[in-house]
Every structure is written in C-alpha cells, then in structure tokens.
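1. The amino acid sequence is not available; the structure is as follows:
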C-alpha cells in the first residue's frame, strides 16, 4: 500500500511537539499515548460482476489521520497497529474519526486533486474511513475504482492520468454517508483528479492496468487523459454514450482506453418542449463542426418558421429545450454565413429553394462523409413573387450586457447571394433561434480553474451604487470569455464556450469582456445601451493569482441631468474636451484606466440608447463612464433622433476633475457656461 503523508497535520504536530507543556510519555497534557488496531475492507467487486481483485494490504509506515493527528503502521497485513508519528501528538478522547489516503485536519476531510504514487502491477488501494468509540478501527473504502487498461497502440508509456467529467467533480471536500465519500461541491467540474507515477509506466500489447479511485457517483461523459512525459496530455478518451457511467462504492468499473474515433454525423437528442420530453434530430455539416437541430425553436418540423425570440430569451439558462441544447455562437454559424455570401465556403454549399411549401436556404456539407447532411433555414420572403429572400438568427455570445450578434442571410431576385451580414442588435429585438447541441466540438468538458467575481459597488463620494452583476454579464479572463451565472455583488463565472478556459498562474480580467480587445485593453468610443432610471455600471478590472477576482472600477462617472425645457428626449450623448481623449487603448495605474494617448482629443465617446429617453421637468439622469482625468472645456452634445446633435453645452472656464470611482454631477443647459454659476443665472448665447 502506498504511504500517504498528511503534510498539514504533520507540520502542526511538529510545531506542537516543541512545547514544553507536552509530556512525551503521556502525550499532550491530559492525553494518554494510544495504539490503534486497524482492519481494512480488503476486497472490491466490479460494477458488473464479482471480482477477485483485492485492495493492497497495510504496509509498515502507512499513515492514517485520527482526529487530525497522524499515526504510523507498525507492520504489514490486513490488520496492523498504529502509533503516533510524533510522540505526544495524540488523538485524545473518543469518539475517533480516522482517514487514509485523504487529508483530514480534524475538521474537514478532502479527496486530493493530485496524487503521487508508485505503480505496481495488480496493486491498488482506496481512500478509507473509520469511526469508533474505542481504539479498534474498522476501515471502509470511501470510493469506487476505475480500472483503466491502456495498450501500447494508444500510447507507449504513462506518466500521468487525469480524470474529469461533464457533470461531476472527482476531488474536493467531502462528508461520509453510508460509508461513501459525498463531495460537498459535486458539480464543480473543474475539480479534476491527476495521478502522477514515480516512474513512467511502459505499456504493452496486452495492456497495463491503472487503478484510479473516484467518488461513487453517476458520471456523464467521463474523460480520461494520458501524459507520456508528465508535461502535456496528448491522448484523451471521452465516454460519449447517452447512459451515465455509474461508479459504486467499493466496486470496480473497468474501462479499456481507446482514443475517440470519429463521431457520428447525425443523431437525435432529447429536448424539453412545452414541458414534455421530445427527440429532436441533429446534423453535423463538417468535421468538428457544431451539431445543428433540424428545426428552429418553436417549429414543429423542418419546414416551419418557429417563434422569434429576444436575445434575453435566447441566452437564458436553462435553454428553451433544456440542458442538451444552446443558442449557437458566432463560430458555429460562420461557415453558413460564408456559404450564403459571395465568397463561399470550402466546407458547406448553400442553395435557395422551396421545402414543403416554405422558401429558404439549404446548407449541405462538402467534405467526405458529410455530403448527404443538410440544414434548412426558412426565410420570410420567397422568390416566386420576385421578392428578396431574407432571414435573421440570433448568434451568441452577447457583445456586451445589452446587445448581441444577428446573422442576416439575404438573396437578390437574380439568385445571387448578397447582403449576408452580421448586425449588432439590442437584446429586445426579435429573431429566430436555431439551436445547436451542447457539447458540439467535444468542448463541453471545461478544465482549469473556476472563478468567482466580486465588484466595487460603492461610489466614493455618493450613496449611489453600481448595478450588481446580472446573469449573462460577460467577462474576459486571460483572453477567454466567461459569463456571470448569478445576480448580486458576487457571482460565479463559467466559460461562454465550454472548454475555452483561462490558463496560467496569474489572471487578468476585464468587464465588459470587449475591453480586452485581443490583448490591447481599450475603452470604446461608441457604446450602445439600454437606459434604466438610476442604474449604471462602469468598466472594471481585476487581477489575481487565484480564482477569486475582486473587480475595481476603472473610471469615474459624469452624471448628466437633462431637463425637458431643453430637449424632450435623448437618443445619443457625445462627450469631448479641448485637452483630453475619452476613449482608446489604456494601461492601469492604481486601479484606474490611464489612456495611452490621453491628448488625442478626436477620441470622443458617444453613448446611444436603444430607445430615445423622454426627459421630464425635474430632469432625467444619464451616467457616462469616463477616464479619471482633468478636463478642460468639457463638451456635452445631445441628439433627439440619433442622427444629428442639436443641443450642446461647453464648460468654458475651470477644470473638470473626474476621479476614479467618483461621480461628477452636471446639469445640462444649452449654453456656454461657467462653473459656479447657479442654474438660473442668465448666461448664454
């Protein structure tokens, strides 16, 4: 049996042993030196039939933790005695809780995410647990065992094995129920398990067997990755059947490793439609491509338009059809877009025609093995009456917290494809939705660190607060896009594209995700947003060496109050100044965005609201986030219709000092004004 050292416990014991209050004969004050007699659950059974395989016996030197104190085995066998590793560090009074091959600090037990061991043919052991009111400890196996057979036609040697799944963690803190380890956070799929062997194990034609203990759970799409050199995982197998892999406590589940072959290109998957389970067909048009549903959301058949939805509806979780489906992202639809454009696609061809009385675009695969696979997207116009064919679909992820991409396909009367385009649309717009199967491109097994984000809600000079996180907010972490999963000042973050996860020892994050700008952080010159009374947020930034991201506001805020006696509604606001830019590339100093070219005054900022905002006699507040700088001759322009700026205000005298995380209030008046003048001072054109 491998020797498992409880490092944290051993360190505490070493420190405590230096105390002059300890009696090395009787142990800590009032504690008697104890000898525990431990037996073990020595055999395991397969998940499908009985097994004669047995767990390895105790070895001399094996370590267990009893009430958080470390004890050493004095001999080998199924039964052995354990005495304190450090004289004087004793478990104290009963009851006794004991653990093997998992850490226990006296309060919390943890199944490790990384295990180092020496491989031995046919030998294995499992994390174990015992509880007793006396010094006789009867250990039980806490987990089940994956018996992974690896042959040399797959990989010539194995240095590391990593195990993960699409739905369950395989490591982390746990409690014990019915002798089994039950993870405290079973759905944290980033809690993987990596086993590293002291020496790389050479495989054979018949196969070498590797035993990996995992919690007793139902696993979906269990993934096993192999590394020959201990540096990179070059071979991966994912169980892709619809049935779960059920690992039971004290049972063996045998798996023969086989790197995944080419998957099926058509199939069906369950969808929950109107509350009832239904089987929906899916089709793949090119190798590695997404698996498209054969119909739109709301459609009863292929040649049916379905229902048009807002993006808020399209991006909500759970998806319309349940967890098996999702709204496509732009990468999913790119080849269809190309095929319906003049440039064309090397993977897909596009034809316009009539299917069961409905006109639309039919996309068919060009690659070998995909030439009989097609997807039909209905149009809301037809060529039989010499009218342009046209259709529009939502495409994720969101561009920011208020808008997303629309893929518009169009065809002219001469049947030449034209006008196919990507359009940035506000969430409330209505478009069709063509679902794709979750897990398309084998990317539904996120690996890497899970993240939690907090925000700087309080404004330094005001009782007003930034808008809390809301579901769907997009954050860039080391260039990968994550989505907020909850509402409030703290939210968990999941990858937008599953499997596309942040990597590294240091994490740099931006909100909104578009600030990242392909590695050149940039404050935008144009912002589209939905106005909400009293609500605002700011560009934010966080950096961390762990998975906890504490975001700080990068800018200050202009709070511009506009009254109805100057303008009846506002569609756009533009801000500029005589000496400073408002947009462009930036770096960060003391949590504030510092523009790279701060004096490029042509870099203005324009905010466009989805709907023109009516003003009132009392005034309506518009919040505009701007870099923390000292502005001269700050100019604010207003547009009623979004086409031209008809009203403007310039502060001619005195500097406007905007500080990070502070609000600077301004009441708009249509004249050149001087700071310090009261609102009723007669001064103007």
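-> Here it is on my side, so go on. None of the values given here were measured: they were computed from a predicted structure.
2. Tell me how many other residues crowd residue 399.
-> 19 (other Cβ atoms under 10 Å). Heads up, the C-betas are built off the backbone N, CA and C, glycines and all.
3. okay, it: pLDDT?
-> The model reports residue 399 with a pLDDT of 74.
4. Could you report the separation of the closest residue to residue 180 other than its chain neighbours from residue 656?
-> Once flanking residues are discounted, residue 180 sits nearest to residue 249: 4.1 Å by Cβ to Cβ, 6 or more residues apart in numbering. From residue 249 across to residue 656, the span is 68 Å (Cβ to Cβ, to the nearest Å).
5. ok, the two, which is more surrounded?
-> Using other Cβ under 10 Å as the criterion, residue 249 and residue 656 rank with residue 249 on top: 21 against 18.
6. Wait, a strand at residue 536?
-> No. Under DSSP: H, G, I helix; E, B strand; the rest coil, residue 536 falls outside any strand and is assigned coil.
7. was I right about it contacting residue 558?
-> No. The pair residue 536 / residue 558 is not scored as a contact, 10.3 Å apart, by Cβ atoms under 8 Å.
8. Mind checking which of those two has more residues around it?
-> residue 558 (23 against 20).
9. Could you report the neighbour count for the residue lying closest to residue 426 once chain neighbours are set aside?
-> Counting by Cβ to Cβ, 6+ apart, residue 426 lies nearest to residue 610, which is 4.4 Å off, once chain neighbours are set aside. With neighbours defined by other Cβ under 10 Å, the count for residue 610 comes to 17.
10. Which helix or which strand is home to residue 610?
-> For residue 610, the host element (DSSP states H and E) is strand 605-614.
11. which helices and strands sit right next to that strand?
-> Contact partners of strand 605-614 among helices and strands, from 3 or more Cβ pairs under 8 Å, 6 or more residues apart in numbering; DSSP states H and E: strand 526-529, strand 569-576, strand 620-626.
12. Compare those strands and give me the one nearest residue 452.
-> Of all the helices and strands packed on strand 605-614, it is strand 620-626 that lies closest to residue 452, at 24.0 Å by Cβ to Cβ.
13. So what are the sheet partners of the helix or strand following the closest one and their directions?
-> Using DSSP H and E, the next helix or strand after strand 620-626 towards the C-terminus is strand 630-631. Partner strands for strand 630-631, per DSSP bridges, with pairing direction: strand 656-657 (antiparallel).
14. which outside residues touch the helix or strand following the strand it pairs with?
-> Using DSSP H and E, the helix or strand that follows strand 656-657 towards the C-terminus is strand 663-667. The contact list for strand 663-667 (Cβ atoms under 8 Å, 6 or more residues apart in numbering) reads 459, 461-462, 464, 556-561, 563, 619, 623, 636, 649, 651, 656-658, 679.
15. Out of those residues, which end up buried?
-> Among the contacts of strand 663-667, those buried by neighbour count (16 or more other Cβ atoms under 10 Å) are 459, 464, 556-560, 563, 619, 623, 636, 649, 651, 656, 658.
16. any idea how far residue 475 is from the spatially most central residue of the chain?
-> In the chain, the centroid-proximal residue (Cα atoms, centre = their mean) is residue 494; its distance is 1.8 Å. Using Cβ to Cβ, residue 494 is found at 10 Å from residue 475.
17. Identify the contacts common to these two.
-> Residues touching both residue 494 and residue 475 by Cβ under 8 Å, 6+ apart: 482, 483.
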